[in-house]
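Chemist: Predicted model and sequence below, questions to follow.
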Amino acid sequence: MICENRLRSMVQWALLYADDHAGWFPVAEGENPAAHESLQLLVDAFGDECDPEIFVCPASGDVPAVRGVDGKLRLAAGNVSYAWRAKPLRVTETGGGTVVIACDKTLHPQELGGAGVHVAYSGGRVKFLTADELGEGGLDGFLARHELTR
């Protein structure tokens, strides 16, 4: 439940970001930027309001980022438990909020209620998909089909 709520919070932050950026979700520059690079745009936009805990699933081995001596938060790969959209997307292009924009970057283990991932949609909905529901190629195939990067 915590992981699901954190993903939902990230999408809400992303929607607020889009309000201030001509409707565009945060995606870092470059070809297939890493998730932490794109999510850094949220941190930079919202500063102290952004809690580093929202980027980390408690079931992962990742640790929340800490603020530097300058008080700024800098995300690295080990501070983000989620894959994020790697291609530019406007809120108006999301088919009513049905585009996948984030998910867990690794499968949740079986003992946590079944192997699978939490998936966040552009409208803010979060749903748990089992490993079988991810389709061909498992999690890697799902990430590629939905243009998400770790």
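Modeler: Happy to help now that I have it.

Chemist: what helices or strands is the lengthiest helix in the chain leaning on?
Modeler: With DSSP state H setting the assignment, residue counts place helix 2-20 as the longest helix in the chain. Packing contacts for helix 2-20, counted by 3 or more Cβ pairs under 8 Å, 6 or more residues apart in numbering; DSSP states H and E, involve helix 35-46, strand 100-104, strand 116-121, strand 126-130. From N, CA and C alone the C-beta is placed, and that goes for glycine too.

Chemist: how much does the one helix or strand Leu143 maps to deviate in direction from strand 100-104?
Modeler: For Leu143, the element it lies in under DSSP states H and E is helix 138-145. Using axes from the mean of the first three to the mean of the last three Cα atoms, to 10 degrees, the inter-axis angle of helix 138-145 relative to strand 100-104 is 150 degrees.

Chemist: Make residue 1 into 44 and carry on from there
Modeler: Sure thing, new numbering starts at 44, so read that last one as helix 181-188.
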